[in-house]
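Structure for the following, please:
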Amino acid sequence: MLDEATRKTIEAKFESRELPATAPESVWGGRSPGRPCAACGEVIKVNHFELETVGADRISRYYHPECLTYASEVRGRVQAQRANCA
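The predicted structure is shown next:
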């Protein structure tokens with residue numbers, strides 16, 4: 001489970017549009033070589049499981065599994081808010 005500070009960091013990245021509001025087109029998993037997580041910013045430890053996503057923008061982003069899960073929840077809320085504003 002993510003702590004409150006990490007959840008706030010992920011939410012802020014959606015607010016600033018650093019993370020896309022559209023769902024990824026592809027997701028893969030594997031061992032990390034030590035890249036930073038796109039959501040929380042912390043390094044995914046070497047040989048720990050990471051998830052790679054590619055969206056419509058064709059940018060690869062890497063996540064801790066729990067960060068991607070929370071980011072998906074936030075993305076759903078962001079999409080609903082934007083649809084209500086349109």
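
what's the burial count for residue 75?
When neighbours are counted by other CB atoms under 10 Å, residue 75 registers 19. Any C-beta I mention is one placed from the backbone N, CA and C, and that applies to glycine too.

wait, it sits on residue 15?
No - under the criterion of CB atoms under 8 Å, residue 75 makes no contact with residue 15, lying 12.0 Å away.

What are the buried residues along stretch 45-62?
50-53, 55, 61-62 (16 or more other CB atoms under 10 Å).

so of those residues, which ones are in helices?
Assignment to helices by DSSP state H places none of those there.

which one in those is the model shakiest on?
Least confident entry in these, by pLDDT: residue 55, with 93.

Mind giving me the packing neighbours of the longest helix anywhere in the chain?
For the chain, the helix reaching the highest residue count under DSSP H is reported as helix 65-85. Where contact means 3 or more CB pairs under 8 Å, 6 or more residues apart in numbering; DSSP states H and E, helix 65-85 is packed against helix 4-15, strand 49-54.

For the first one, what does the pLDDT average out to?
Model confidence over helix 4-15 averages 96 on the pLDDT scale.

What is the subsequent helix or strand relative to it?
Later in the chain than helix 4-15, the nearest helix or strand by DSSP states H and E is strand 26-31.

Partner strands of that next one and their direction?
Applying DSSP bridges, strand 26-31 is found paired with strand 49-54 (antiparallel).

can you list the residues that contact the strand it pairs with?
24-32, 35, 37, 44, 60-65, 68 (CB atoms under 8 Å, 6 or more residues apart in numbering).

now the residues you listed: which count as buried?
Counted by 16+ other CB under 10 Å, those give 24, 32, 37, 44, 61-64, 68 as buried.

can you redo these as TSV with distance to residue 6?
Compiled in TSV, those are given as follows (distance: CB to CB, whole Å):
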residue	distance to residue 6
24	20
32	17
37	10
44	13
61	16
62	16
63	12
64	9
68	12
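
quick one: which of the residues you listed is nearest residue 9?
Using CB to CB, residue 37 comes nearest to residue 9 of the buried ones among the contacts of strand 49-54, at 9.8 Å.

which residues does residue 36 bridge with?
residue 43.

Give me the pLDDT for it.
At residue 36, pLDDT is 98.
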